[in-house]
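build the 3D model from these lines:
(one chain, ligands or ions: 4)
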Amino acid sequence: MTGDGAEDLYFANYSQSLEDRLLVNDGKGFFTDETVRRLPSEFVESSLGYACAIVDMNADGFNDIVKNTHHGPMDLAIAYNDPSNEGFFRVIDLVYNCCPSYVSVGDLNNDGKLDLVAPADAQDHYFLNQGNGPDGLPDWISFPFPESSNGFDHNTVIADLDNDGFNDVLIADVDLDLPSCAQRLDIHHNLGLRPNLSFQEDVGNLPTDARGPLRGTHDVAVFDLNGDGRLDLVIGTCSGTTIWIQQLIGDLDGDGTVGILDLLILLSNWGPCPDPPEGCPADLDDDGSVGILDLLTLLANWG
Ligand SMILES: [Ca+2]
Ligand SMILES: [Ca+2]
Ligand SMILES: [Ca+2]
Ligand SMILES: [Ca+2]
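Ligands and ions are numbered 1, 2, ... in the order given. The predicted structure follows:
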């Protein structure tokens, strides 16, 4: 943040009796608390602050600070780095003034401008960056996500799960203030309908049953675990951690491509699925039989 190439740290503070901290790196890995010197006091005030990020939100080449705090005053706010006095933050923009329980930063609509995702106890929202206004700061428009599985949400990850070029949004469900293991991870599939972006809840074939791998999730790590170019999931829940490797739909022989061998497997399984249906991998749409829709899905993923 100070322009010397050494990474600095910002901590949003959960405690109601402590505030955020900005720790500045001297370049040798020694950090000094410069919160008071560099930031307005109202910005660092936190009550149930859960998340923050150091990113350049207004694309002026200087890193800014995004934070949330559940009980204000800076519910969802950005402190902007002063280009004429790098590393000092005078201008604050309060993006949203009601109680988000997390904040994540990413480009949701592929316009090159960073957007925000803010789940909350009530409706979860995303904020699209409309570009800088006359004040040099981004203008925002907020939209609700489709109704989620529950009212409480937390750690949020922005990642393009299905490689369609549009970032999807995963929201874990365990609320630190009111812990419960009964709710469920939301996966919002970005449908990418520019200019009016929309999302649809879609957990794929991940089991949603009570005490299953999507219930009582604290956090989810999204990365390519096996190096096949498709993002995988490591999901931490109340009852343990599960690893999910993303499959290429139609890759029935597991060789990483969809081709003639997969087509032959599908055709040899044509018709109603045996019992139990788990032994029917060619039933790509899970409707209980292998038919024309499965064939079309396989052909659509050819290659
Ligand atoms: Ca900036
Ligand atoms: Ca954007
Ligand atoms: Ca996507
Ligand atoms: Ca993978």
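
please count neighbours and contacts with C-alpha atoms only from this point.
Fine.

got a pLDDT number for residue 179?
pLDDT recorded at residue 179 is 77.

separation between it and ligand 3?
For residue 179, the distance to ligand 3 (CA to the ion, to the nearest Å) stands at 30 Å.

I'd like to know how far the closest residue to ligand 4 within the stretch 1-150 of the chain sits from residue 275.
Residue nearest to ligand 4 within the stretch 1-150 of the chain: residue 106 (21.0 Å; CA to the ion). As judged by CA to CA, to the nearest Å, residue 106 and residue 275 stand 44 Å apart.

distance of the residue of the stretch 1-150 of the chain closest to ligand 4 relative to ligand 3?
Relative to ligand 3, and taking CA to the ion, residue 106 is found at 13 Å.

tell me which of residue 106 and residue 275 has more neighbours.
Higher neighbour count among residue 106 and residue 275: residue 106, with 20 against 9, using other CA atoms under 10 Å.

do I have it right that that one meets residue 114?
Yes - counting by CA atoms under 8 Å, residue 106 touches residue 114, with 5.2 Å between them.

so which helix or strand takes in the residue nearest to residue 216 when sequence neighbours are not counted?
Spatially, and ignoring its direct neighbours in sequence, residue 216 is nearest to residue 181 (3.7 Å; CA to CA, 6 or more residues apart in numbering). Residue 181 is part of no helix or strand, with elements assigned from DSSP states H and E.

contact partners for residue 181?
174, 211, 215-217, 237-238 (CA atoms under 8 Å, 6 or more residues apart in numbering).

hang on, the earlier thing: who does the residue of the stretch 1-150 of the chain closest to ligand 4 bridge with?
residue 115 (DSSP bridges).

close to ligand 1: what parts of this structure are there?
56, 58, 60, 62-64 (CA under 5 Å from the ion).

pipe the residues you listed into JSON lines and attach distance to ligand 4 and neighbour count per row.
Listed next are those as JSON lines, based on distance: CA to the ion, whole Å; neighbours: other CA atoms under 10 Å:
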{"residue": "56", "distance to ligand 4": "30", "neighbour count": "18"}
{"residue": "58", "distance to ligand 4": "33", "neighbour count": "21"}
{"residue": "60", "distance to ligand 4": "35", "neighbour count": "15"}
{"residue": "62", "distance to ligand 4": "34", "neighbour count": "19"}
{"residue": "63", "distance to ligand 4": "32", "neighbour count": "23"}
{"residue": "64", "distance to ligand 4": "32", "neighbour count": "23"}
